[in-house]
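Visitor: Need a 3D model of the sequence below.
(chains A, B and C)
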Amino acid sequence: MSGLTLAKRKVIWAYIFLLIPIIFFAYIRIYPTLSAFQMSLYDYNPLSEEQPFVGLANYEELFDELSNPRSVTTAAFRNSAVYVALGVPLQLLLALGIALMLNEIRIFGTIYRLFFFLPFVTSTIAIAWVFRMLYQPQFGVFNVLLQAFSLPQQPFLKSPQQALPSILAMVIWQGLGFAIIIFLAGLKQIPRTYYDAAQVDGASRWQSFRQITLPLLNPSIIYLLVLQTISFLRMFAPVYAMTDQGSGGPLNSTTTVVLRVYREAFQGLNMGYAASLTVVLFGIIMSITVIQMFVSNRLVKT
Amino acid sequence: MATIAQRRKSLFESDSRPTRIRGDWKYKAFSYLVLTLIAFTMVVPFMWMISTSFKPVTEITKSNFFPIDATVDNYGEVLFNTELPRWYLNSIVVAVMTTVSVAFFDSLAGYVFAKYEFPGKRIIFILILSSLMIPTEMLIIPWYIMSVHPIIGSSWVDTYWGIAFPGMITAAGIFLMRQFMQGVPDELLDAGRIDGVSEFGLYWRIAVPLSLPAIGALCIFNFLGNWNAFIWPLIVTSSQKMFTLPVGIQFFSTESGSDWHLIMTGATLSVVPLLLIVIFFQRYIIEGIALTGLKG
Amino acid sequence: MRRSRFVFVAALLIMALAVGFAVTAQDDVIEIEYWQYNFEARVTAMDMLIEQFEAENPNIRVIHNSDIPYDNFRDELAASAPAGVGPDVVSLFYGWIPAFVDAGYLVPLPEEYFPAEWIESYFSPMVAQSKFEGEYWAIPTAVRTLALFWNKDLFEAAGLDPEQPPTTLDEFVEMAQALTTYDGSGTDILNITSEGYAAQISGQAHHWFREVLLRQYGGVPYDEENRTVLYNSEEGCQAFAYLTAFETDYKTGSNDLFTDATQAFINGQEALHIDGSFRIGTIAANNPDLNYGVAELPVGPNGEHYTFGSYWTHGITRRAAADPARLEAAAKFLQFITTADAGTLWVNNVGELPAQLEAASDPALLEDPILGAFAAGLEYSYATFFVDESAQRQVMMDAFDQVRLAGMDPCDALNEAAIVEQELLDDYWAGRDE
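Guide: Okay, here's the model as predicted:
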C-alpha cells in the first residue's frame, strides 16, 4: 500500500472504514424496505409452506376496508389522524408556553426543567400502565379527585368517546419534556440585544414575542412539527398497554395504524396484508417529510 | 461551522440568563405558580406508582393514595418469583451492546464522511440518511422473517443479537457525528500523518478525543432508546427468559387478567434507577438534546 | 514445525470424526420435541408424564419446551415452522386447530393409534370440535368447563343464605341485584361499591352466551357444519339481552370496575362470577382467605343444564410426519399422555378435568366441593368451533360494547356481529373448499 499516493490510500481507507456500515445499511435497512414492498404482493403466512403471489390483492382489500367507514382499518387511519391533529399542536403549544416561562425564571430553573424532563426518559410501557391505573373508575386518582369535588365520575379509558383523549393526554404529558428542551435551546439562540432594542422602542411583551421570538424560533418549531407528527403517526406502545388486551378498544376508538399492523402480522399471521399497511404508512411519512423540506426551504429563502 | 471549543463551551455554558424585563414580578410569580402546578402533575404519577408497589394485592383496587397496610411482599414476589431480574440483565446487555457499537461505528462513519474524499461519497451518504425516512414499523415484518432464516447462524429469534441488531448502527448518529467531526482541524490530522500515525490512529487518537461530548450525548440517547424500546423486543423475543423490561412488564398482563401489583412493582423497579441516573446526569442529557436534537 | 502442526490438526479432525460416529452409532434413540406454553402446574405435570413415558420407551427421548409464554406461543410456532425446527407434538388451544390445519401445520392423528370410534367412546364429546373433514387432528389430556363461583361472605352481608347459590337464570338476576351495593350518591354503574355480577365479555362471558345462554333460550350458535352463524335469531336476541342487561338495566356491575371482573371477585368485590376451574389456582395464590363456593351454572327457561367446555389439545406436526420413525414416536407419546391415567394425574396436579370419560366419572371427583361442579358439567358441555378464536371473540366484545357503550339495541348489535362473524367463517371455508 505504501506505493500508492496519499489520496488513493485515503480512498481505500475510507472504504475499509465504511465497509461494515454499508453492509449494515444495505442488509438491515434497505433490503428489508424492498422486502416489505415485495411481501405486500403475497399472501404471506409464516405457518404455511407456500406463500402464494396475489398481486395487488392486499391493497385492494385495504382500500375496500377503507371505503367502509365502520371497518377497523378505517378506524385505525382515522384515529392516527386525530392523534396527530390534536396531539402535535397541543404538545407544541404547551411546551412553548412552559419553555417561555422557564426561560424567564432564574431560581430553581434547573429543578423545574428536571421535573418536566423525567417522564420523557422513562419507559412508555411502565408509564402507560401507571396512567391506566390513574384513569380507573372508582379508585383511580382522577376519579377520586372528581369525587372529592362532588363531580360525576368519568369512565375515561372505558368510554369510546373519552378513551382516545385520555391516551393522548398521557402521550402529550410524556413527550412534553423533549419539546421544552428543544424550545429552550432555540430561545437561547436568540440574541438578547434584540429584546433590549425592542424594550427601548417601547414594545410590549406580546409584541416582542410576535416580532422576535416566534420568527426566530421557526426552525425549532418546524423541526418539532415534523418529528412529533411522525412519532404520533407511529404510535403503538401506549395504545397497546392502555387498552384491554392491547385491542385498541373500546370499539376500536383508540386503535392506530401500527397497532393494526402488529395485530394483523403477529396475531393474525397475515403478514402480506400487514406489509401493505406499512407501505401505505411509509407513503404518508415520506410525503410529510418531503412537504416539510419544501416548506422549510421556502421559509429560509423568504 | 462552529469550532469544537465553541461547541464545547455552549454545552456546558450556564443556562440561566438574566431576566429580560426587570421588575415584572407579577409575570414572574405567575410563571412560578404555573410551573409549580405543572411540575406537580409530572411527579404525581411516579408517586402513585411507587406507593402502589407497596400495597398488598387486596388494596390495589382501593382508592387510598398511600398504602394502609404497607408491605414489601410485592418486591419479594417480583424479585424471587418472576424473571424480572433476568429482564433487567437482558435490558442492560442489549442497551450496552448497541451503545458500544453505535459509539464506535457511528463516529467512525461520521469521521469518514467528514474528512475523506472518495468516489460515491455523496450517494452513499444520501442512501444512509434516506433510511431515516423509513418507519421502523415497515421493517419489523421483514426483520422478523430475516431473524427466522438468518444468513448467518441459526434463528436469531430469542437471542440478544436478535433484539439488538436493528440498532447496532444508526443513521441519525452518523449524521450527527459527521457534523461534529467537520470541526476537527485538518491541520491536526495532517500533522499526525506526517508523524506516521495510521489512518485508524488518526480517528482513534485525534478525532475521537475531540468529539467526546457528542459521542457521550449519542451514547446516552442510544442507551435510553434501547432501554425503553418495545415493539421489536416484543416481537423478536419468545421466551420469558429473553424478555427486556418493558416486554416483561407488559407480560404481567395476560388473557386471564392483569397482575397490577406486579406491574406497578416492576414499573417502579425499571423506572426508579433510570430516574436516578437522569437526575445525576441531567445536565449532560439535557444539553445533549439541545445540542443534537436527538430523541431517545 | 509446520508439518507437525498439520499432523496435529489432522489428528484432531480424525478424533472429532470418530467421536461423532461413535455418538451417532450408539444413538438409536429417537428424539422428539414437545412444546406447550408456560404454565407452571402444566409443566410439572407434563414432566411427570414424560418421565413415565421415557421409562416405558427407552428408545424415545422427549424434549420438553415449555419456556414460551401464552401470548407469544403462536408467534414462536410460526417462527419455528419455516426454519424446519419446532415441535413434533404440540399443545394448542382447541380453538386454534382449524387455523393450524389450514396452514398445513398439523397432520391428522394416525388412524392405527387413534381410531375414530375409540376416540368417540373414550373421550368427552367436546373433543369432537377437533374433528373435521372426517379426521381427528388433535386430542387432549384434560378439559375445563365453566361453573358459577359465589362469594359466601357477600351473600351473608346481603342477607342471603350463603349456602344457596342461584339455580335458575331468574334467581341469578334477582340475587345479583340484591348483592350489588352502591355509594350514597346514586345507583349507576360508577356508583357501585360492590358488584352483584359483572359480565367479562373478553373473558368467559362470550362463551357463556354462545354455548350456554343461547341454548337455554332454545337457540344454537352455528349450523352443524359450523359454516353458518345462527345466533342472529329471536332466541339469540333474548339471550344477548339477558347478558347485557346486567350492565345496562340492572346495574349490577361492569368489567370496567375494579380493573376487571375476575380481579373484583378475587378481591371480594364481586359476589357472583362465572369462570373456569383454572381460576381456583389464581384465587389460592392471590387471596387464599376468600370464602367462596362453586356450583353448576344456573338453568334457563328450558330447564336444561349447559356449560361451555374448552381445552388445550395436542396435535402432531408436519415436521414429525416427514419421517416415519418420528411419526411413530410422536404417536406413541401422544397416546401415552392422553390415557385416563394421564387425565387423573392432570386433575391432581393442574386442577383441570380429565378428558377421558372413565377418569371423569370418578365419584371422588364428582363429590369434591370445588371441582365437583366442573366435573358435573362434562356431560353437558359444548365447545365452540373457532376458525379464528381471537377475531371471533372480538366480534362478541364489539357487539357487547355497542350495547353498553353506544346504546345499541341488543338485537341490532347481534345482527351486526353475525354479519362480521359470517365473513370470518366464509373466508375460512372458502380457503378449505379450494
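Visitor: Let's check: the centremost residue of the chain is which one?
Guide: Answering for chain A, as no chain was given. Closest to where the C-alpha atoms of chain A average out (C-alpha atoms, centre = their mean) is A:Ser231, at 1.2 Å.
Visitor: was after chain B, sorry
Guide: Judging by C-alpha atoms, centre = their mean, chain B has its centre closest to B:Leu224, at 1.9 Å.
Visitor: What's the mean pLDDT across the one helix or strand it maps to?
Guide: Assessed by DSSP states H and E, B:Leu224 sits inside helix B:212-228. Averaging pLDDT along helix B:212-228 yields 87.
Visitor: Same question for stretch A:223-234.
Guide: Mean predicted lDDT for stretch A:223-234 stands at 90.
Visitor: list the buried ones in it?
Guide: Within stretch A:223-234, the residues scored as buried using 16 or more other C-beta atoms under 10 Å in any protein chain shown are A:Leu224, A:Leu225, A:Val226, A:Leu227, A:Gln228, A:Thr229, A:Ile230, A:Ser231, A:Phe232, A:Leu233, A:Arg234. Just so you know, the C-beta spots here come from the backbone N, C-alpha and C atoms, and that holds for glycine as well.
Visitor: What of stretch B:264-281?
Guide: B:Met264, B:Thr265, B:Gly266, B:Ala267, B:Thr268, B:Leu269, B:Ser270, B:Val271, B:Leu274, B:Leu275, B:Ile277, B:Val278.
Visitor: Identify the residues contacting the fifth one.
Guide: What it means is B:Thr268. Applying C-beta atoms under 8 Å, 6 or more residues apart in numbering or on different chains to B:Thr268 gives the contacts B:Met49, B:Ile50, B:Ser53.
Visitor: Next, check those against the helices and list the overlap.
Guide: B:Met49, B:Ile50, B:Ser53 (DSSP state H).
Visitor: returning to what we had before: rebuild the buried residues of stretch B:264-281 as TSV, extending it with pLDDT, distance to B:Thr98 and secondary structure.
Guide: As requested, the buried residues of stretch B:264-281 are arranged in TSV below (pLDDT from 0 to 100; distance: C-beta to C-beta, whole Å; DSSP: H, G, I helix; E, B strand; the rest coil):
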residue	pLDDT	distance to B:Thr98	secondary structure
B:Met264	93	28	helix
B:Thr265	94	27	helix
B:Gly266	94	22	helix
B:Ala267	93	23	helix
B:Thr268	94	25	helix
B:Leu269	92	22	helix
B:Ser270	89	18	helix
B:Val271	87	20	helix
B:Leu274	81	16	helix
B:Leu275	81	21	helix
B:Ile277	78	17	helix
B:Val278	81	19	helix
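Visitor: got any ranges where the stretch 201-350 of chain C has weak pLDDT?
Guide: Residues of the stretch 201-350 of chain C that meet the criterion pLDDT under 70 are absent altogether.
Visitor: Pull the number of nearby residues for B:Pro233.
Guide: 23 (other C-beta atoms under 10 Å in any protein chain shown).
Visitor: Kindly report the same for B:Arg86.
Guide: B:Arg86: 14 surrounding residues under other C-beta under 10 Å.
Visitor: The top helix by length along chain A near chain B anywhere?
Guide: Longest helix of chain A, by residue count under DSSP H: helix A:72-104. Yes. Residues of helix A:72-104 contacting chain B under C-beta under 8 Å from any C-beta of the partner chain: A:Ile98, A:Met101, A:Leu102, A:Asn103, A:Glu104.
Visitor: For the closest residue to the first one other than its chain neighbours, give its distance to A:Leu118.
Guide: Nearest-residue entry for A:Ile98: A:Ile180, 5.4 Å, with adjacent residues in sequence omitted and distances by C-beta to C-beta, 6 or more residues apart in numbering or on different chains. Relative to A:Leu118, A:Ile180 is positioned 12 Å away (criterion: C-beta to C-beta, to the nearest Å).
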